[in-house]
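J.: how would this look folded up:
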Amino acid sequence: MYRVWRNGPGWISRFDRHLVRGVSSFPGGNHDEFFRRLSASATHGKLWIGAAAIMAAFPGKPRRAALHGLIAQAVASAVTNVVFKTLLPRARPLPEHLPVFRFVHPQPTSSSMPSGHSASAIAFALGAGLVKPVVGAALAPAALGVAYSRVHTGAHWPSDVFFGSAIGAGAALVTRKWWPVRPPFPGVSRTATQAPELPAGEGLSIVVNTLGGSFTEQTAGALQEVFPKAYIKTVELGESLEEAIQATASHPRTRALGVWGGDGTVGTAAAAAVEHSLPLLVLPGGTLNHFARDTGTANLKDAVAAAAAGEAARADVGLVTVERGLAGNPETADLVMLNTASIGLYPNLVRRREQLQPALGKPLAGVVAMFRTFAAGTPTTLTVDGVRHKLWIAYIGRGRYYPRDHAPLSRPVLDDGVLDVRMITADESFARLRLLWSVLTGTVATSRITHLREATEVRIESEGSPLALAVDGEALAGVRSVRIRVEPRALTYYSPRT
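T.: Below you'll find the model as predicted:
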């Protein structure tokens with residue numbers, strides 16, 4: 001086979017020799033050392049990995065361009081080295097074809113056809129350019145230089161370089177839909193309404209959960225300092241949080257209910273505020289307080305300003321009815337949901353993602369968390385609105401969350417009247433392989449295993465064993481069925497005007 005490729009009379013062989021003779025006629029000089037070093041820098045993708053590291057330092061499109069370039073390069077390298085170098089063995093040029101001072105030493109021992117350096121170079125540059133054309137244009141001279149260097153140093157025949165470059169371009173085009181650029185999130189929108197003005201906290205009663213993750217001995221004092229006329233109730237270990245909130249909300253002095261704590265504490269306070277027709281002031285506190293972020297009061301200064309001015313808006317709430325206990329003797333409980341409910345592996349995914357996010361950033365943390373969660377996890381069999389599914393995740397958001405994939409992060413509108421229903425199923429064959437592949441390529445949102453829809457009511461029933469349900473971060477075990485529905489604009493909350 002080597003003899004056929006190198007010495008055969010075919011037009012490819014004649015074309016190669018013609019071009020190599022032209023290259024060999026170039027006079028020697030500093031450019032020989034330049035191309036030798038350029039070629040060596042691209043061995044094992046070192047040059048492109050370094051370029052990707054520099055691009056990744058800039059968030060947004062440069063970082064996504066680096067990611068797409070590396071994905072395309074990996075695909076091109078695998079196809080070239082694993083497939084075509086095995087199917088198309090070919091001898092490399094001999095020292096007699098080029099000046100000895102230019103010839104690469106030691107010469108690679110793998111098949112000459114096709115050029116892996118060229119495939120990786122074109123794949124990375126074109127892949128990055130498809131995301132950010134300016135970056136692709138800047139990388140193009142280096143990529144073309146690497147491709148040419150393989151002929152200049154005698155490592156490849158010209159046709160090897162052309163074929164490798166075509167493979168690289170194909171890899172960039174094939175992978176262009178992997179890790180697609182997320183569309184921009186819609187702008188924040190509020191439905192303004194009237195609420196009592198609370199200068200210096202007059203008429204405001206605040207419940208502080210001392211078990212909140214960020215509570216310190218100075219928390220209550222700091223709140224009293226910014227709201228000197230407010231009543232502040234601290235709930236200590238052993239006290240009933242729900243009873244304390246209800247007592248505070250029902251007191252005649254209370255014109256508005258404030259709450260300091262995490263998502264579970266805020267949900268309990270929201271239920272009392274709806275019941276007693278009180279506006280709710282959500283203060284930043286607790287381990288996680290997503291609702292404070294969504295209402296625009298993620299810092300104390302904004303919360304104080306909104307309360308003093310009486311600036312408020314309306315929000316939908318989710319009403320959750322849970323059946324627990326024995327099948328013949330179920331117990332029911334009603335909860336208010338402000339943010340999300342989930343069944344399956346979603347709580348583990350969120351916990352891992354938030355642990356990794358400071359070091360890796362949101363996108364990469366989500367990928368790593370997905371792999372860790374689903375590599376060892378098992379699906380749960382449930383009936384959702386009368387349809388039986390094997391599910392990795394059932395996620396219900398109170399309102400549309402963005403992005404529209406497996407990792408919702410932002411909710412710009414709090415009164416859109418819908419539940420955001422997302423399911424990742426294991427109904428299909430090769431379910432785990434499909435899932436991990438979609439995570440690797442960033443195509444979870446478009447995969448057949450993902451089901452996205454909106455609803456005003458959802459009912460989920462267990463098949464056999466009771467299930468575990470998380471509502472606004474609070475876990476409930478032994479659940480046999482759950483019904484979640486929307487109560488439009490039931491809650492008034494303080495929010496600074498935007």
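J.: relative to Asp32, how far out is the residue lying closest to Leu38 once chain neighbours are set aside?
T.: With sequence-adjacent residues excluded and distances taken as Cβ to Cβ, 6 or more residues apart in numbering, Leu38 is closest to Ser149, at 5.0 Å. All C-beta atoms are positioned from the backbone trio N, CA, C, and that covers glycine. Separation of Ser149 from Asp32 (Cβ to Cβ, to the nearest Å) stands at 10 Å.
J.: just Pro347 next, same as before
T.: Note on Pro347: its distance to Asp32, by Cβ to Cβ, is 61 Å.
J.: and if you look at Val274?
T.: Applying Cβ to Cβ, the value for Val274 to Asp32 is 79 Å.
J.: chain center to stretch 350-357, what's the gap?
T.: 11 Å (Cα atoms, centre = their mean, to the nearest Å).
J.: export that stretch to PDB, keeping only CA atoms.
T.: These are the backbone C-alpha positions of stretch 350-357, laid out as PDB (Å, rounded to 0.1, in the frame of the first residue of the first chain):
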ATOM      1  CA  VAL A 350     -28.200  22.200  41.600                       C
ATOM      2  CA  ARG A 351     -26.100  21.500  44.700                       C
ATOM      3  CA  ARG A 352     -23.100  20.300  42.600                       C
ATOM      4  CA  ARG A 353     -23.400  23.200  40.100                       C
ATOM      5  CA  GLU A 354     -23.400  25.800  42.900                       C
ATOM      6  CA  GLN A 355     -20.400  24.200  44.500                       C
ATOM      7  CA  LEU A 356     -18.400  24.200  41.200                       C
ATOM      8  CA  GLN A 357     -19.600  27.600  39.900                       C
END
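J.: in the stretch 101-250 of the chain, which spans are helices?
T.: 116-131, 133-152, 158-174, 219-226, 241-250 (DSSP state H, counting those that start in this stretch).
J.: what's the closest of those to Ile460?
T.: Among the helices of the stretch 101-250 of the chain, helix 241-250 comes nearest to Ile460, with 24.5 Å by Cβ to Cβ.
J.: now for that closest one, which elements pack on it?
T.: Counting contacts by 3 or more Cβ pairs under 8 Å, 6 or more residues apart in numbering; DSSP states H and E, helix 241-250 packs against strand 204-209, strand 231-235, strand 256-260, helix 263-275.
J.: and the angle from the third one to strand 204-209?
T.: Spelled out, it's strand 256-260. Relative orientation of strand 256-260 versus strand 204-209 (axes from the mean of the first three to the mean of the last three Cα atoms, to 10 degrees): 20 degrees.
J.: give me the contact list for strand 256-260.
T.: 195-196, 198, 203-209, 212, 215, 219, 223, 227, 230, 245, 248-249, 265-266, 269, 272-273, 276, 278-283, 285-286, 307, 494 (Cβ atoms under 8 Å, 6 or more residues apart in numbering).
J.: can you pull out the low-pLDDT segments for the stretch 301-450 of the chain?
T.: Low-confidence segments of the stretch 301-450 of the chain, defined by pLDDT under 70: 327-328, 362-363, 405-407.
J.: show me where it has its helices.
T.: 346-360, 362-376, 431-441.
J.: would you list those in TSV and tack on mean neighbour count?
T.: Output for the helices of the stretch 301-450 of the chain, formatted as TSV (neighbours: other Cβ atoms under 10 Å):
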stretch	mean neighbour count
helix 346-360	16
helix 362-376	18
helix 431-441	17
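J.: got the buried residues for the lengthiest strand in the chain?
T.: Ranked by residue count, the top strand of the chain under DSSP state E comes out as strand 474-494. Across strand 474-494, burial judged by 16 or more other Cβ atoms under 10 Å covers 474, 476, 478-487, 489-494.
J.: which elements pack onto that strand?
T.: Other helices and strands packing on strand 474-494, by 3+ Cβ pairs under 8 Å, 6+ apart, are helix 263-275, strand 280-283, helix 300-309, strand 311-326, strand 419-425, strand 457-462, strand 467-471.
J.: in TSV: those, plus distance to Arg351 and mean neighbour count.
T.: Converted to TSV, these look like this (distance: least, Cβ to Cβ, whole Å; neighbours: other Cβ atoms under 10 Å):
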stretch	distance to Arg351	mean neighbour count
helix 263-275	14	24
strand 280-283	23	28
helix 300-309	27	19
strand 311-326	21	20
strand 419-425	17	22
strand 457-462	22	18
strand 467-471	11	21
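J.: who wins for proximity to Val367 among the ones you listed?
T.: Among these, strand 419-425 comes nearest to Val367, with 14.5 Å by Cβ to Cβ.
J.: quick one: strands adjacent to that closest one?
T.: strand 387-398 (antiparallel), strand 450-455 (antiparallel) (DSSP bridges).
J.: mean neighbour count, those strands: which tops it?
T.: Comparing the strands paired with strand 419-425 by mean neighbour count (mean count of other Cβ atoms under 10 Å), strand 387-398 ranks first with a mean of 21.
J.: okay, the angle between that one and strand 457-462?
T.: Using the same axes, to 10 degrees: strand 387-398 against strand 457-462 is 130 degrees.
J.: so who does Val304 touch?
T.: For Val304, counting by Cβ under 8 Å, 6+ apart, the contacting residues are Val226, Phe227.
J.: what about 7 Å?
T.: Contact analysis of Val304 by Cβ atoms under 7 Å, 6 or more residues apart in numbering lists Val226.
J.: how about stretch 143-153: buried residues?
T.: So stretch 143-153, judged by 16+ other Cβ under 10 Å, has buried residues Ala143, Gly145, Val146, Ala147, Tyr148, Ser149, Arg150, Val151, His152, Thr153.
J.: which of those sits closest to Thr297?
T.: Nearest to Thr297 among those, with distances taken as Cβ to Cβ, is Ala143, at 49.9 Å.
J.: ok, now which ones touch that closest one?
T.: Ala121, Ile122, Phe124, Ala125.
J.: ok, now Leu469?
T.: Val322, Ala341, Ile343, Leu476, Val479, Val482.
J.: pull the most distant pair out of those.
T.: Val322 and Ile343 (11.6 Å).
J.: out of the contacts of Ala143, which is most surrounded?
T.: Phe124 (36 neighbours; other Cβ atoms under 10 Å).
J.: just the pLDDT at that one, thanks.
T.: Confidence at Phe124, expressed as pLDDT, is 96.
J.: give the contact list for it.
T.: Phe124 touches Trp48, Gly69, Ala72, Gln73, Leu139, Ala143, counting by Cβ under 7 Å, 6+ apart.
J.: please apply the same query to Leu130.
T.: His68, Ala172, Arg176.
J.: and the second one, how many neighbours?
T.: When you say that, I think you mean Ala172. Ala172 has 26 nearby residues by other Cβ under 10 Å.
J.: what separation do you get for it and Ser41?
T.: 20 Å.
J.: one more: the first one?
T.: For His68, the distance to Ser41 (Cβ to Cβ) stands at 21 Å.
J.: out of the two, which sits in the busier spot?
T.: Counted by other Cβ under 10 Å, His68 and Ser41 do not tie: His68 has more neighbours, with 29 against 16.
J.: ok, now which ones touch that one?
T.: His68 neighbours (Cβ under 7 Å, 6+ apart): Gly127, Ala128, Leu130, Val131, Thr175, Trp179.
J.: confirm it sits in a strand?
T.: No: assigned with DSSP: H, G, I helix; E, B strand; the rest coil, His68 falls outside any strand and is helix.
J.: next one: it from Phe371, what distance?
T.: Going from His68 to Phe371 by Cβ to Cβ gives 19 Å.
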